[in-house]
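1. Give me coordinates for this.
(one chain, ligands or ions: 2)
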Amino acid sequence: MNNNFNNKNNQNNGQNNNNNNNFFNQNPIITFLIFAVLMIAIFRAMSPDSGIMGSSGANRQIAYSEFKSLIENKQISKVMIGQTQIKGEGNGEVYTANRVQDPNLTVMLDSQGIPYSAYNERNPLMDMIFSWVIPIFIFFAIWMFLVSRMQKSVGGGILGVGSSKKLVNSEKPNVKFDDVAGVEEAKEEVQEIVDYLKNPEKYLRLGAKIPKGILLVGPPGTGKTLLARAVAGEADVPFFSISASSFIEMFVGVGASRVRDLFENAKKEAPSIVFIDEIDAIGKSRSSSPMGGNDEREQTLNQLLSEMDGFDADKSPVIVMAATNRPEILDAALLRPGRFDRQVLVDKPDFKGRMDILKIHMKDVKFADDIDIEEIARLTTGLAGADLENVVNEAALLAGRESKKAVTQADMVEAVERSIAGLEKKSRRVNPKEKRIVAYHECGHALIAEVTKGAKKVTKVSIIPRGLAALGYTLNTPEENKFLMQKHELIAEVDVLLGGRGAEMVFMEDISTGASNDLERATDILKAMISMYGMSDIAGLMVLEKQRNNFLAGQTIKDYSEDMAQKVDEAVRLKLKERIDEVVKTITEYKPAIESMVAALYKEETITGEQVREIIANFEKEAGLQSRLVSETTEENEDIEKAKHKV
Ligand code: ADP
Ligand code: ZN
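-> Ligands and ions are numbered 1, 2, ... in the order given. Here you go, the predicted structure:
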């Protein structure tokens, strides 16, 4: 099951906002032109030229002879004489003529009784200075001012030139692993990094390859930044932190030079940690942005990639940690070996994790004796660490408003209700009906995984809502193709994927959209078996699709007839039907086991693979069935299962 749907919407909204905010930042040239034209227009309007005759009439250039005849015909009521030009006002117009040395002119004007005076023509140089140079100068000054202010807000100087060396400062965080709770698996995975940063020689002596890049994947507020800082804190190394979204607000070339400086500094202070928040801002896959490439983003990304490829982790131990909540949109180039080839899931905390996080944040607040952390943890299913911190703070504020001496349980409960109400607006929480569907769906996957030969075993089943489209998380890694899989294992994987829908069919009155991603993957696998792996009768050993091996990993080159395409589609459809029938049969047979799993899930939110196996074994014994449990859990399988389980 995945909550893709809501999520994608939220994300898109966020993105749109972003685009609006950044329009001027991302299009500096257009901004420049708009401003320049505006300034010139303003100065033109203000220039003294138009005011000279005190008339707003149109200006007409005429010949001097014509000018004179106008005077003779009494068409002109007022004359201004300049050094090279002569102007006359009349008929609501201003006539201008190039002056001719004509001593008779004043005589003529006098005789006609037309008032005249001399005026100082502006010199053309001054004219130009007034209408072009000064406006541009003023505009440029304003522009520079804005730029420098904008850059200051992200820690930069004017145009990032010169001063950019100081842009990214390191800090030595005093955050420790004890300050991060509820993400035990993630902590374990980064523990190794700490050890390496502390004693690099120990590893280098053995010739061990240490990962350069670690991608922290998880919903917002789950403590990715906190965890990265804790790694630096534990290892006692400098921590350089930067948000990738700040790069794209800058001007072309600045982001890239920023990255260069960042790494230069980090290498100088090595061993050190570079943390890049919101890496998706620059790491979006090139094919996924509908507007085509964004130069600045691509340059910055390329610079980052070349920095990561360039440095030798052995000589300058700089570890790059990056955070994202949208791993599925990342460019495959980022995930290649030697780059962010290690992904660590920083998930929302389960019941126990929430207790631990609450305890951490409740340390510095005064609480009344009636406080019941367990109850609060029960009430806060689906909240992330940052939300929990917020709950504690909100409760303290509530108590403070009423001038209480200590924060009571009632304050805490109210704070929980408030923050959940806020989150529900953002449709982040699962309603009871959905929760029930998710529970059966997940248990369906789990059961099939355990009783099917060749399927990867379960490590964890969870109904905690995930802010992750975790599927893309595995699909995106090109390494996936490295695993050698046998035919029966592929079929087993299809079965497991269908387990979710199968359980819905058996237990629910209706089926849901929750399986769409599962079905997509199952279809892909079956298709690949026919068209790429030579595992079918219809195509035999003939390969119909080739993997294209470039940036756009995942795309394939198709090379077969329409007729063959139809045959493949039909075969896939039939196979899916065969597998789902089989799966439904198994689930029906194990109905009571699934009911027990669901009950356990309702109570604990997360159950382990061991619990699942125990429930199944107990049921098989009671029902007198021969056990179908397959018990070969290798470590490799566990890793894959962890990733896959987000299905
Ligand atoms: P992310 O980077 O995943 O968006 P942050 O690390 O910025 O989340 O979390 C924001 C704050 O929320 C942290 O500074 C911390 O106070 C609190 N917090 C989040 N997750 C945890 C956690 N697992 N344990 C303790 N505190 C947490
Ligand atoms: Zn599923």
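2. make it CA atoms for all contacts and neighbour counts henceforth
-> OK.
3. okay, now A522: neighbour count?
-> By other Cα atoms under 10 Å, 22 other residues sit near A522.
4. Oops, could you answer that again for N618 instead?
-> 13.
5. Give me the distance between it and F140.
-> Counting by Cα to Cα, to the nearest Å, the separation of N618 from F140 is 78 Å.
6. can you check N98 too?
-> For N98, the distance to F140 - Cα to Cα - is 36 Å.
7. same deal with T459?
-> In this view, T459 and F140 are 61 Å apart by Cα to Cα.
8. Kindly report the same for T381.
-> For T381, the distance to F140 - Cα to Cα - is 54 Å.
9. who has more neighbours, the two?
-> Shown here are T381 and F140; by other Cα under 10 Å, T381 has more neighbours (20 against 15).
10. So that one, which state does it fall into?
-> Three-state call for T381 (DSSP: H, G, I helix; E, B strand; the rest coil): coil.
11. Next up, phi/psi of it, please.
-> Here is the backbone geometry of T381 (degrees, to the nearest 10): phi -50, psi 130.
12. thought it was touching D350?
-> Yes. T381 is within contact range of D350, at 7.4 Å (criterion: Cα atoms under 8 Å).
13. Pull up the residues of the stretch 51-200 of the chain that are close to ligand 1.
-> Residues of the stretch 51-200 of the chain found near ligand 1 (Cα under 6 Å from any ligand atom) are 179-183.
14. N120: neighbour count?
-> Residue crowding around N120 was assessed by other Cα under 10 Å; the count is 10.
15. should've said N325
-> For N325, the tally of surrounding residues (other Cα under 10 Å) stands at 24.
16. Can you narrow the residues of the stretch 51-200 of the chain next to ligand 1 down to the ones near ligand 2?
-> Near ligand 2, judged by Cα under 5 Å from the ion, there are no entries from these.
17. Now do the strands in the stretch 301-450 of the chain.
-> In the stretch 301-450 of the chain, the strands defined using DSSP state E, counting those that start in this stretch lie at 318-324, 342-345.
18. now the stretch 501-647 of the chain
-> Assigned by DSSP E, counting those that start in this stretch, the stretch 501-647 of the chain shows strands spanning 545-547, 556-558, 606-608.
19. May I see the buried residues of the last one?
-> Taking 16 or more other Cα atoms under 10 Å as the neighbour-count basis, strand 606-608 is seen to contain the buried residues 606-607.
20. Relative to it, what are the paired strands and their orientations?
-> When pairing is defined by DSSP bridges, strand 606-608 lines up against strand 460-462 (antiparallel).
21. Give me the contact list for the strand it pairs with.
-> Contacts with strand 460-462, where a contact means Cα atoms under 8 Å, 6 or more residues apart in numbering, come from 439, 442-443, 446, 601, 605-609, 642, 645.
22. Tell me, how many residues neighbour V190?
-> For V190, using other Cα under 10 Å, the count is 18.
23. Next: V451.
-> 21.
24. same question, D563
-> The tally of other residues near D563 (other Cα under 10 Å) stands at 8.
25. From Q566, how far out is K212?
-> From K212 across to Q566, the span is 46 Å (Cα to Cα).
26. which one of the two has more residues nearby?
-> A count of neighbours by other Cα under 10 Å puts K212 above the other of K212 and Q566, at 24 against 11.
27. ok, the more buried one touching D309?
-> No. Here K212 lies out of contact with D309, judged by Cα under 8 Å, at a distance of 9.1 Å.
28. list residues touching both of those two?
-> Jointly contacting K212 and D309 under the rule Cα under 8 Å, 6+ apart are 338-339.
29. Show the contacting residues for the closest residue to P173 other than its chain neighbours.
-> Using Cα to Cα, 6 or more residues apart in numbering and skipping the chain neighbours, the partner closest in space to P173 is G233 (5.0 Å). With contacts defined as Cα under 8 Å, 6+ apart, G233 is in contact with 172-176.
30. pLDDT below threshold where in the stretch 401-550 of the chain?
-> By pLDDT under 70, the low-scoring segments of the stretch 401-550 of the chain are 421-430, 464-484, 546-550.
31. at 80 what do you get?
-> Filtered on pLDDT under 80, the stretch 401-550 of the chain yields the residue ranges 420-432, 434, 456-460, 462-485, 514-517, 543, 545-550.
32. for the stretch 251-400 of the chain, same thing?
-> Residues of the stretch 251-400 of the chain meeting the criterion pLDDT under 80: 251-256, 270, 283-299, 310-316, 328-329, 332, 381-382.
33. correct me, but E189 touches Q343?
-> No. Look at E189 against Q343 with Cα under 8 Å: they stay out of range, at 9.4 Å.
34. domain assignment for this structure?
-> Segmentation of the chain into domains, based on the TED database, reads 59-124, 177-286+295-345, 351-421, 432-548+557-642.
35. any idea of the mean pLDDT in the shortest one?
-> In this case it means domain 59-124. On average, the pLDDT along domain 59-124 is 82.
36. Identify the residue nearest Q191 in space, chain neighbours excluded?
-> Take Q191 and drop its neighbours on the chain: the residue closest to it by Cα to Cα, 6+ apart is V231, 7.6 Å away.
37. mind checking how far that neighbour is from ligand 1?
-> Here the distance between V231 and ligand 1 works out to 12 Å (Cα to the nearest ligand atom, to the nearest Å).
38. repeat for S65
-> Counting by Cα to the nearest ligand atom, the gap from S65 to ligand 1 is 80 Å.
39. With P211 instead?
-> Applying Cα to the nearest ligand atom, the value for P211 to ligand 1 is 21 Å.
40. Could I get the contacting residues of that residue?
-> Neighbouring residues of P211 by Cα under 8 Å, 6+ apart: 313, 319, 338-339, 341-342.
41. Am I right that it is in a helix?
-> No. Checked against three-state DSSP, P211 lies outside a helix; its state is coil.
42. Quickly find the element holding the residue in the stretch 351-500 of the chain that ligand 2 sits nearest to.
-> Nearest to ligand 2, among the residues of the stretch 351-500 of the chain, is G500, at 4.8 Å (Cα to the ion). Using DSSP states H and E, G500 sits within helix 487-507.
43. Show me what that helix packs onto, helices and strands only.
-> helix 432-451, helix 516-531, helix 562-589 (3 or more Cα pairs under 8 Å, 6 or more residues apart in numbering; DSSP states H and E).
44. now with 10 Å?
-> Applying 3 or more Cα pairs under 10 Å, 6 or more residues apart in numbering; DSSP states H and E, one finds that helix 487-507 contacts helix 432-451, helix 516-531, helix 562-589, helix 591-604.
45. For E189 and Q343, work out which one has more neighbours and name it.
-> Q343 (22 against 14).
46. mind checking pLDDT for the closest residue to the more buried one other than its chain neighbours?
-> Distances taken as Cα to Cα, 6+ apart put L215 closest to Q343, at 4.6 Å, once the chain neighbours are dropped. We have a pLDDT of 91 for L215.
47. on that earlier part again, confirm that the residue nearest to P173 sits in a helix.
-> Yes. Under three-state DSSP, G233 sits within a helix.
48. burial of the closest residue to G540 other than its chain neighbours, as a residue count?
-> What sits nearest to G540 in space, not counting adjacent residues and going by Cα to Cα, 6+ apart, is G534, at 5.5 Å. Residue neighbour count, defined by other Cα under 10 Å, stands at 16 for G534.
49. now G534: how far from K527?
-> 10 Å.
50. for V231, same thing?
-> Separation of V231 from K527 (Cα to Cα) stands at 43 Å.
51. neighbour count winner among the two?
-> Higher neighbour count among V231 and K527: V231, with 28 against 20, using other Cα under 10 Å.
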